Every structure is written in structure tokens, then in C-alpha cells.
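Asker: need a structure here:
(one chain, ligands or ions: 1)
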Amino acid sequence: MRYEEQLKATATAMVAPGKGLLAADESSPTIAKRFESVGLENSEESRRAYRQLLITADGIEEFVSGIILYDETLRQTSDDGQPFVNVLKGRGIIPGIKVDKGAKNLALHPGEKVTEGLDGLRERLKEYATLGAGFAKWRAVITIDGDQVPSDACIQVNAQALARYAALAQEAGIVAVIEPEVLLDGNHAIDHCYKITARTLDAVFAQIKEQDVLLKGLILKTSMVLSGKNAAGRADVDTVAQQTVKCLKEHVPPSLAGVVFLSGGQSELEATAHLDAMNKIGGLPWPLSFSYSRAIQNPVLQLWSQGKKDRALAAYLHRAEANSLAAKGQWSEEFERTKAY
Ligand code: 13P
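Answerer: Below is the predicted model:
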């Protein structure tokens with residue numbers, strides 16, 4: 001494969017010890033929701049100003065190997081006119097790009113989604129490579145609802161699209177982050193989430209194999225194995241860690257470059273504690289790290305919206321450091337007490 005060495009090197013750097021990804025690639029509708037929730041005006045300039053904090057924070061490169069951007073941000077510049085991409089690269093942070101066009105209703109399958117964006121993707125990836133993106137992300141959404149949802153159809157079409165995207169990204173010399181997200185919504189028990197996650201991962205990696213995607217140049221961004229958000233008696237941190245590690249070990253090929261997690265609506269502390277507990281278990285064939293959006297950004301955005309820029313920055317560095325420690329299995333609740341923001 002043309003870019004094999006480059007893909008391996010980039011993927012390895014993305015999950016270097018104690019480093020993870022920041023997801024700052026909220027689409028236009030998603031960032032509108034986030035800004036609205038804290039009463040912030042939503043304009044191109046307000047989005048640029050906020051994301052500038054995430055991109056230019058001094059010292060963030062110690063904890064974060066890459067930042068996933070939305071198309072708009074990839075093309076924006078800092079206050080002093082430097083392209084954000086150059087600011088990141090200057091610090092040794094790899095710019096990433098969300099390339100899917102969002103999860104749309106799956107025809108004939110009420111309540112289920114299929115991610116679109118394959119049309120024209122080869123050309124878009126070529127441009128993103130020229131603009132300096134080192135990796136890309138594609139998110140698929142799997143809903144849990146009773147015994148019938150997800151359907152096999154939903155899992156299969158999303159798995160096939162994830163692999164088609166991954167192949168196109170690798171062809172362009174861009175590392176693919178494949179994100180099949182099993183949603184937290186629902187009142188299902190953790191065992192049910194385990195089964196659905198296993199079924200999803202099996203389908204995804206069957207397609208990845210079928211389409212000859214290079215595992216060493218590929219990162220899995222997955223949800224954790226959790227009880228549904230509204231379940232009675234939700235599983236505790238140790239159970240989540242054990243079940244997630246077991247599921248990944250049994251359903252993810254060992255030669256993959258790395259596994260990172262989305263936070264998916266967990267609180268900041270839950271997301272950090274779960275990652276830490278998994279790394280304390282250890283003995284995994286790939287690095288396990290983070291690729292959080294809300295579990296890093298929630299307190300940052302809150303403080304930013306109140307005009308507290310210094311505290312927003314402190315919160316950002318704090319959550320990034322906490323997750324960096326968790327990626328090494330070295331976080332403790334004590335860390336939260338000693339360095340509050
Ligand atoms: P959350 O961590 O907020 O789930 O976002 C991660 C992400 O990138 C979703 O695509």
C-alpha cells in the first residue's frame with residue numbers, strides 16, 4: 001500500500017503513551033445546540049474564538065496527540081492570522097477532520113440511522129490531505145431499543161460504510177478513525193449493551209477485513225459497555241471496565257493500532273474513571289485512550305460562556321491531564337481534589 005509507513009507512524013503517534021484525542025468536530029447543528037445550552041451566540045466568529053482556546057492552549061500538547069476538527073475550523077485562522085492547522089502542527093499535534101455527513105434516518109427502519117457522506121469522499125479526502133489533515137473520523141450510530149433494534153440491516157449498512165470510508169482515507173494517506181457508537185440512551189442492562197457492542201464490532205471488523213483496510217493504520221473509536229442511561233441499578237466503574245475490556249479483547253483484532261473512547265453523555269468524572277480502571281486492568285494488545293468531546297469540553301464551554309477565560313483554560317488543561325493519567329492507569333480521585341478548576 002502506497003502510504004503504509006506514513007499511516008502506521010501517524011496512527012502510532014495518535015495513541016502514544018499518555019496521549020489521546022480531543023474531539024472538537026461538532027457539526028453545525030451540534031455546536032448550535034451546545035452553544036444554545038450555555039446561552040452563547042452562535043456565529044462563525046464565536047465558534048472560531050471558542051475553538052481557538054482549544055487549539056492554542058499552551059501545554060495541551062503534553063496530553064493531546066490530535067484534535068478532530070470540523071471543516072469550518074480546518075480552514076480558519078488564529079487571531080494573529082495563522083492557520084489553525086499550522087498552529088497545531090507547530091506544536092506536534094495532528095490535525096484531524098470529521099468527514100461523515102451525519103447520521104440520517106435509515107429507510108424502512110424507524111428509529112435507526114445510517115451515516116451518509118461517501119459520495120465525493122475521495123475528492124474531499126484529497127483536499128483534506130493537502131490542507132494538512134493527518135487523520136479523519138466517521139461516526140456511525142447504533143440505537144438500542146428492545147429486542148428488534150438494532151436490526152441486522154442497520155449494523156450491516158453502517159459497518160460497510162465505515163470500511164468504505166476507512167479504505168478511501170488510507171488510499172489518501174490519512175489515518176481512519178472508525179467510530180461505531182452504541183448509544184447510551186435507554187433502560188437496558190449492561191449485558192444487553194455488551195451483546196450489541198460485540199455484534200457491532202464483529203460486523204465492522206468483518207467489513208474492514210473484507211475491504212483490505214490496514215489494521216496498523218486504523219484506530220477504533222468506540223463506546224464503552226455501559227448500562228443504559230435510564231437503567232435501574234447501573235453498573236459500577238469496575239464492572240464497566242471489566243465488561244468493556246472483555247468485549248474489546250474478544251471482538252477487536254489485536255493488530256489494530258489503537259482504541260480510543262467517546263464519552264457519549266457520561267459525566268466528566270465517569271469518563272475519566274472508566275478509562276483509568278480499564279488501563280489499571282491492563283494486559284491489552286493495543287493502547288486504550290480517549291477521544292472525548294463533552295467529557296472534556298463541558299466545563300470549558302460553561303466557563304467560557306460566563307466570560308471566565310482563564311478558568312476555562314484551566315478546566316481544559318485539567319480534564320486533558322486527568323484523561324492522560326487515565327490513559328496510563330495513573331489517575332486517582334485525589335488528582336481531582338488537588339487541582340480543582
Ligand atoms: P462525546 O465524547 O461527546 O461523545 O463526543 C465524541 C465524538 O466525537 C462523537 O462523534
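Asker: now do the SS call for the residue nearest the centre of the chain.
Answerer: The chain has Ser291 as the residue nearest its centroid, 3.8 Å off, counting by CA atoms, centre = their mean. The assignment at Ser291 comes out as strand when based on DSSP: H, G, I helix; E, B strand; the rest coil.
Asker: so what's it bridging to?
Answerer: Leu21 (DSSP bridges).
Asker: test my guess that it contacts Val259.
Answerer: No: using CB atoms under 8 Å, Ser291 makes no contact with Val259, being 9.6 Å away. Any C-beta I mention is one placed from the backbone N, CA and C, and that applies to glycine too.
Asker: overlap in contacts, those two.
Answerer: Common neighbours of Ser291 and Val259 are listed as Lys221 (criterion: CB atoms under 8 Å, 6 or more residues apart in numbering).
Asker: show the residue spans covered by the strands in the stretch 201-341 of the chain.
Answerer: 218-222, 258-261, 288-292 (DSSP state E, counting those that start in this stretch).
Asker: can I get those in TSV with mean pLDDT and distance to Ala107?
Answerer: Formatted as TSV, the strands of the stretch 201-341 of the chain follow (pLDDT from 0 to 100; distance: least, CB to CB, whole Å):
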stretch	mean pLDDT	distance to Ala107
strand 218-222	99	26
strand 258-261	99	30
strand 288-292	99	30
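Asker: low-confidence ranges, the chain, go.
Answerer: Applying pLDDT under 70 to the chain flags the ranges 340.
Asker: tell me who's in contact with the residue nearest to the centre of the chain.
Answerer: Residues counted as contacts of Ser291 (CB under 8 Å, 6+ apart) are Gly20, Leu21, Leu22, Ala23, Ile68, Val177, Lys221, Val260, Phe261, Leu262.
Asker: please tell me which one of these counts the most neighbours.
Answerer: For the contacts of Ser291, the largest neighbour count, defined by other CB atoms under 10 Å, is 32 neighbours, found at Leu21.
Asker: my read is that that residue contacts Leu69, right?
Answerer: No: taking contacts as CB under 8 Å, Leu21 lies outside contact range of Leu69: 11.0 Å.
Asker: mind listing the shared neighbours of those two?
Answerer: Common neighbours of Leu21 and Leu69, using CB under 8 Å, 6+ apart, are Gly96.
Asker: which parts of the stretch 201-341 of the chain are helices?
Answerer: 237-251, 268-281, 294-305, 309-327, 333-338 (DSSP state H, counting those that start in this stretch).
Asker: near the ligand, anything from the fourth one?
Answerer: Pointing back at helix 309-327 there. No: using CB under 6 Å from any ligand atom, helix 309-327 stays clear of the ligand, coming no nearer than 10.7 Å.
Asker: that helix packs against which elements?
Answerer: Applying 3 or more CB pairs under 8 Å, 6 or more residues apart in numbering; DSSP states H and E, one finds that helix 309-327 makes contact with strand 20-24, helix 44-56, helix 268-281, strand 288-292, helix 294-305, helix 333-338.
Asker: redo that, cut-off 6 Å
Answerer: Counting by 3 or more CB pairs under 6 Å, 6 or more residues apart in numbering; DSSP states H and E, the packing neighbours recorded for helix 309-327 are helix 268-281, helix 294-305.
Asker: export those to a markdown table and tack on mean neighbour count and distance to the ligand?
Answerer: Formatted as a markdown table, those follow (neighbours: other CB atoms under 10 Å; distance: least, CB to the nearest ligand atom, whole Å):
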| stretch | mean neighbour count | distance to the ligand |
| --- | --- | --- |
| helix 268-281 | 21 | 7 |
| helix 294-305 | 22 | 3 |
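Asker: got those helices as CSV, with distance to Gln82 columns?
Answerer: Shown next, in CSV, are those (distance: least, CB to CB, whole Å):
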stretch, distance to Gln82
helix 268-281, 30
helix 294-305, 21
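Asker: Gln52 is nearest to which of those helices?
Answerer: Proximity to Gln52 (CB to CB) singles out helix 294-305 among those, at 10.7 Å.
Asker: give me the neighbour count for the residue in the stretch 101-250 of the chain that the ligand sits nearest to.
Answerer: Nearest residue of the stretch 101-250 of the chain to the ligand (CB to the nearest ligand atom) works out as Arg139 at 4.2 Å. Arg139 has 24 neighbours, counted by other CB under 10 Å.
Asker: SS state for it?
Answerer: Strictly by three-state DSSP, Arg139 counts as strand.
Asker: tell me the contacts of the closest residue to it other than its chain neighbours?
Answerer: Using CB to CB, 6 or more residues apart in numbering and skipping residues adjacent in sequence, the residue nearest Arg139 is Glu179, 4.3 Å away. When the contact criterion is CB atoms under 6 Å, 6 or more residues apart in numbering, the partners of Glu179 are Lys137, Arg139, Lys221.
Asker: which helix or which strand is home to Glu179?
Answerer: According to DSSP states H and E, Glu179 maps onto strand 175-182.
Asker: pull the distance from that strand to the chain's centre.
Answerer: Relative to its chain's centre, strand 175-182 lies at 7 Å (CA atoms, centre = their mean, to the nearest Å).
Asker: may I see the buried residues of it?
Answerer: Neighbour-count burial for strand 175-182, counted by 16 or more other CB atoms under 10 Å, picks out Val175, Ala176, Val177, Ile178, Glu179, Pro180, Glu181, Val182.
Asker: any residue of stretch 69-85 touching the ligand?
Answerer: No: counting by CB under 6 Å from any ligand atom, the ligand has no neighbours in stretch 69-85; the shortest distance is 10.6 Å.
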